[in-house]
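1. Any chance you could fold what I've pasted below:
(2 chains)
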Amino acid sequence: MMEDFREVARVLNNRFVQKWKDEGKKVVGYTCSYVPDEIFYAAGILPYRVRGFGAGAMTIGDTYFGPFICSLPKCMLQLAGQGDFDFLDGAIITPGCDSMRRLDECWRKMHDDTKEHMPGFFFHFGVPHKYTEYSVKWFVDETRRLIRAAESHFNVAIKNEKLLEAIKVHNVTRELMNRFDEIRTRKDPPVAGADSLAIVLAGTAMPRDDYNRLLGDLVEEIGKSAKKLNGRKRLMLLGSANDDVDLVKIIEGERALVVADNLCFGSRFYSDLVSEEGDPVEELAKRSLAHNDCPRMYGEYRERLKKIKEKVATAGVDGVILQNIRFCDLHGSENGLFERDLEKEGIPCMRLEREYGPIVESGRMRMRIDAFLERLG
Amino acid sequence: MRRETREYNFDWMLWSAFSSASRIKMGTEKEYRTVLKYIPYFRGIAEAMLGTGEAGQKFIDCCAAYLDNLVNARERGLKTAITTFCFSPAIMYALDIMPICLEVLTVMQTLSYKRGTVEFLDYCNEVGYTETSCSAQRGSLGAYLAGVGAEIDMIVTDTPGVCDTNANAFSFASAYLDKPFFQLDMPPQLDGERSDDYHIGDFKGLIAFLEQHSGRKLDLDRLREVMREIEKQDELVAEIEDLARLVPNPLPVPFNFMVHGSRFLFAGMKECTAALEAMLKLGRENAARGISGLTGGVEKLRGFWCYIDHYTQSMRLWQMLDRNGICYEGNILSRSWAMNAPHVKEFGKEDAAYSLDLTDLDSMIRSMALLNSRMPMVKSIRGPYDAPNMWLEDNLNLARMYRADFIVYNGTPGCRNTWGMVKLMARDTEKAGIPTFIMYADAFDDRVESWEATQERFEEFLKVRGLL
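-> From the prediction side, this is the model:
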């Protein structure tokens, strides 16, 4: 099972996707955790989280994006331009942040030039930056607009009963992941942070029914496992999106364990259930928008700090690593606030700025993390 | 931050500089010339503005009055709100709240002080705010984070959905200073019922927030008075914008800055109206005489800035344009989207414009919400750049209407929203036949690229493209 997750975490067009496509079914990519992927499950379409993992160059990304832009969307565009996402039948771009929202235009203009590598369905999904009565209303309408567009393009019907079924299936994932989280944060956990990330990544890139089955088995197995990764410093990882298992491996080395996070490819993937009562579209929209873990939801810093403090306490965290991709001002700046406020509470923190993409500075990172671990004693 | 910088109150320093500048023309010409020797770093800007006569004097008076309100806000019983340039301060004036516009203060400091805002920029980074963030806010925010500015009561921004680094500056300040925060959020589409409802719902939320934190109720008559003044100002701006279409353009280079500066400081207030009236008067006079607003009197080229200017020490950008006979046809900040604006009529963009309805409270709130959603940047940099009513359409229409020979992009490296697509935009405007130049400078920080290097690259562009 774990090998399945590790493989899916490292291969974009993995064998689960290939099998899905071989069966003649569609795949729709999306760039942000604010897209309710239940919609696509309900349509019999595989929702797939677009990543930048594996980009070995930035030639295409730099052609369209300007220089002062986060390398994550640049890597995504690079892969798209190389044809690595040609298996996608659709793509949804959200204003997760300014760098990411411009993937919309850059992808389209690249297609204008090359006449290739453009999914047939391409949708700009407007996600508000606040949770109020009128922003929920907007988001419900926007979600319905997405549903109508998908129904029309893919010639499918996304009925409420199907949505409710999808919500139940995705809630099973969330419940399993919460059980996994409990195992991961035990005193002597049997699983490393790198594998925890692989498990989450797999959930964004394979059919949900397969995933739930494998995840259920895994949770069962490691829940009883006698393996103990003890004697290591327990870290929490916060900040910009990370979908690179190797980055976590560098952080963990032989002396540390990442036992908790609050990342886009992390706990945001599974926190909070969607209510199974009421109108399913409204409930999906509410669950997505109520997520204030991302600093794109402005003015919610205190709530995020509170959650992190709680997690630090329940997971027995020794230190927090606050990382951000260069030009990710949202996470970068909030990391500055977290550092101030967590250190005040006696929680050691380390800020780490990095580039997204191939890890070419492992020496620098390793040295800084070693120094941080020494500080932790 | 240097210890000595902490010794001086930031607002007071600016107030001192601009209130002194507002008086230097009161004496004889000889006294004026003598004073200029003692303000070597403010001299360029003071001369450029005061050289336009009554209009420049009124504008500097506007700046001085604004800063006087800022340093005396507490004594005058005003609450203070940190806010942003693309937010109309009129609603705050209607509630007797002093708007502290970060970007305007950054510009004031960077163009008048030798060291610009360097220490405040860096102070933000010292306390955890990223160095890659926009310098427009950082330049003055550092002073407030360091506690060397006015006491802050609340923080308001309207850039979520438009500009992350802008919105993030205000969100950061709220968390750092532990002050109440309100955001006006902008959906990707400008117009249509959904967007209108969202803008209006959000604006009602803003009013409730302002009332809660100022302890005042919005007064219908006061709001109507402010909006009547906005109506006058929109008329004046529309006529000034119309004059800029003439060849030669009768408006001096600094006017563009002075028009939007007046509105950012005092929208809906009589001080702004007076400055705009004086600008229009000179523009009309020059137009009647058929002369250019350039000091050399000869218009060789017409340039359109599709984003913002370059503001560092003494606004050497203006001097360079004026010296080269380049007429300045405005930037994203200078455009009004009132229904009577010339480009609205010219291109039939009534759907993207606002009009003011003063009938009752609901109609006034609706008007103010739509006005605010049409402020610079907020209006055109929210959705995809090539969508209807967005940046590309505006740039092409405006550059054509003003018969611009070229387009220039300048911003800051912190501007994620434009750097994400400016190459695409420049490619499109080039395809449309308008030479387009992307500056890599920081409008507020010469350490990113020296002005000399910026100027050399710009002049090289003009030469290589055979423009000058």
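2. what's the burial count for residue B:197?
-> The number of residues packed near residue B:197 is 16, by other Cβ atoms under 10 Å in any protein chain shown. Just so you know, the C-beta spots here come from the backbone N, C-alpha and C atoms, and that holds for glycine as well.
3. And the helix or strand containing it, what does it pack against?
-> If you go by DSSP states H and E, residue B:197 is part of helix B:193-214. Packed against helix B:193-214 by the contact rule (3 or more Cβ pairs under 8 Å, 6 or more residues apart in numbering or on different chains; DSSP states H and E) you find helix A:133-154, strand B:79-83, helix B:90-94, strand B:154-157, strand B:181-183, helix B:361-373.
4. Which single residue in the stretch 1-150 of chain A comes nearest to chain B?
-> residue A:102 (2.9 Å; Cβ to the nearest Cβ).
5. Look at that residue and say how many residues are nearby.
-> Applying other Cβ under 10 Å, we find 29 residues neighbouring residue A:102.
6. Pull the contacting residues for it.
-> A:65, A:69, A:73, B:417, B:420-421 (Cβ atoms under 8 Å, 6 or more residues apart in numbering or on different chains).
7. If we use 10 Å, what do you get?
-> By Cβ atoms under 10 Å, 6 or more residues apart in numbering or on different chains, the residues touching residue A:102 are A:64-66, A:69-70, A:73, A:77, A:93, A:95, B:384-385, B:416-422, B:424.
8. what about residue B:103, which SS state?
-> Recorded secondary structure, residue B:103: helix (DSSP: H, G, I helix; E, B strand; the rest coil).
9. Kindly indicate whether the closest residue to it other than its chain neighbours is helix, strand or coil.
-> Once flanking residues are discounted, residue B:103 sits nearest to residue B:85: 4.1 Å by Cβ to Cβ, 6 or more residues apart in numbering or on different chains. Of the three states, residue B:85 takes coil under three-state DSSP.
10. how near is residue B:85 to residue B:136?
-> In this structure, residue B:85 and residue B:136 are 8 Å apart, going by Cβ to Cβ, to the nearest Å.
11. Run through the strands of the chain in chain order.
-> Using chain A. Using DSSP state E, the strands of chain A run over A:27-30, A:46-49, A:90-93, A:121-124, A:233-239, A:256-261, A:319-325, A:349-354.
12. please go with chain B instead
-> Counting by DSSP E, chain B has these strands, from start to end: B:79-83, B:97-101, B:154-157, B:181-183, B:301-305, B:326-328, B:406-411, B:436-442.
13. could the ones you listed go into TSV alongside distance to chain A and mean pLDDT?
-> TSV is the format used below for the strands of chain B (distance: least, Cβ to the nearest Cβ, whole Å; pLDDT from 0 to 100):
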stretch	distance to chain A	mean pLDDT
strand B:79-83	13	98
strand B:97-101	18	97
strand B:154-157	8	98
strand B:181-183	4	98
strand B:301-305	17	97
strand B:326-328	24	95
strand B:406-411	9	98
strand B:436-442	8	97
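14. Adding mean neighbour count, write those out as TSV.
-> Compiled in TSV, the strands of chain B are given as follows (neighbours: other Cβ atoms under 10 Å in any protein chain shown):
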stretch	mean neighbour count
strand B:79-83	25
strand B:97-101	24
strand B:154-157	26
strand B:181-183	24
strand B:301-305	22
strand B:326-328	26
strand B:406-411	24
strand B:436-442	21
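15. Present those as TSV; the columns should include distance to residue A:348.
-> Below are the strands of chain B laid out as TSV (distance: least, Cβ to Cβ, whole Å):
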stretch	distance to residue A:348
strand B:79-83	32
strand B:97-101	36
strand B:154-157	30
strand B:181-183	29
strand B:301-305	48
strand B:326-328	53
strand B:406-411	38
strand B:436-442	35
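16. Out of those strands, the one nearest residue B:274 is which?
-> strand B:97-101 (18.7 Å; Cβ to Cβ).
17. for chain A, what are the nearby residues on the stretch 301-450 of chain B?
-> For the stretch 301-450 of chain B, the residues in contact with chain A (Cβ under 10 Å from any Cβ of the partner chain) are B:381-387, B:392, B:409, B:411-428, B:438, B:440.
18. Going through those, which ones are buried?
-> B:381-387, B:392, B:409, B:411-426, B:428, B:438, B:440 (16 or more other Cβ atoms under 10 Å in any protein chain shown).
19. Let's see which of those residues end up in helices.
-> B:392, B:416-419, B:422-426, B:428 (DSSP state H).
20. from those, which two are the most distant?
-> Farthest pair in these (Cβ to Cβ) is B:416 and B:428. Separation: 19.7 Å.
21. about what we covered before: out of the helices and strands packed on helix B:193-214, which gets nearest to residue A:219?
-> helix A:133-154 (30.2 Å).
22. In terms of secondary structure, what does that closest one contact?
-> Helix A:133-154 makes packing contacts with strand A:27-30, helix A:38-42, strand A:90-93, strand A:121-124, helix A:280-290, helix B:193-214 when contacts are defined by 3 or more Cβ pairs under 10 Å, 6 or more residues apart in numbering or on different chains; DSSP states H and E.
23. Show me what the mean pLDDT comes to for it.
-> The average pLDDT within helix A:133-154 is 97.
24. go on, stretch B:354-366?
-> Computed over stretch B:354-366, the average pLDDT equals 97.
25. give the contact list for residue B:195.
-> Counting by Cβ under 10 Å, 6+ apart, residue B:195 touches A:126, A:138, B:186-189, B:370, B:373, B:382-383.
26. roughly how far apart are it and residue A:146?
-> 17 Å.
27. ditto for residue A:23
-> 24 Å.
28. So those two - more neighbours on which side?
-> Neighbour totals were compared for residue A:23 and residue A:146, and residue A:146 leads with 22 against 7 (other Cβ under 10 Å).
29. my read: that one touches residue A:93, true?
-> No. With contacts counted by Cβ atoms under 10 Å, residue A:146 stays clear of residue A:93, the gap being 11.6 Å.
30. between those two, what contacts are shared?
-> Listed as contacting both residue A:146 and residue A:93 by Cβ under 10 Å, 6+ apart are A:30, A:35, A:123-125.
31. May I see those organised as a markdown table, with distance to residue A:361 added?
-> Formatted as a markdown table, the shared contacts of residue A:146 and residue A:93 follow (distance: Cβ to Cβ, whole Å):
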| residue | distance to residue A:361 |
| --- | --- |
| A:30 | 30 |
| A:35 | 31 |
| A:123 | 36 |
| A:124 | 34 |
| A:125 | 34 |
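32. Let me know the closest of the residues you listed to residue B:451.
-> Nearest to residue B:451 among the shared contacts of residue A:146 and residue A:93, with distances taken as Cβ to Cβ, is residue A:124, at 38.2 Å.
33. tally of neighbours for that closest one?
-> Around residue A:124 there are 19 residues (other Cβ under 10 Å).
34. for the one 3 residues further on, same thing?
-> Here the count is done by other Cβ under 10 Å, and residue A:127 has 26 residues near it.
35. if I look at it, how far off is residue B:134?
-> 22 Å.
36. ok, residue 353 - how many residues close by?
-> Since you didn't name a chain, this refers to chain A. Around residue A:353 there are 19 residues (other Cβ under 10 Å).
37. not what I meant, chain B
-> Neighbours around residue B:353, by other Cβ under 10 Å: 21.
38. Residue B:120 now?
-> If we define neighbours as other Cβ under 10 Å, then residue B:120 has 28 of them.
39. Excluding chain neighbours, what is closest to it?
-> residue B:142 (3.0 Å).
40. next one: residue A:71
-> Of all residues not flanking residue A:71 in the chain, residue A:356 sits nearest, at 4.1 Å (Cβ to Cβ, 6+ apart).
41. Which parts of the stretch 51-200 of chain A are helices?
-> A:59-64, A:71-82, A:98-101, A:103-114, A:133-154, A:160-184, A:193-203 (DSSP state H, counting those that start in this stretch).
42. Would you pull up the residue in the stretch 201-350 of chain A closest to chain B?
-> Proximity of the stretch 201-350 of chain A to chain B (Cβ to the nearest Cβ) peaks at residue A:336, 1.9 Å away.
43. quick one: pLDDT of that residue?
-> The per-residue pLDDT of residue A:336 was computed as 98.
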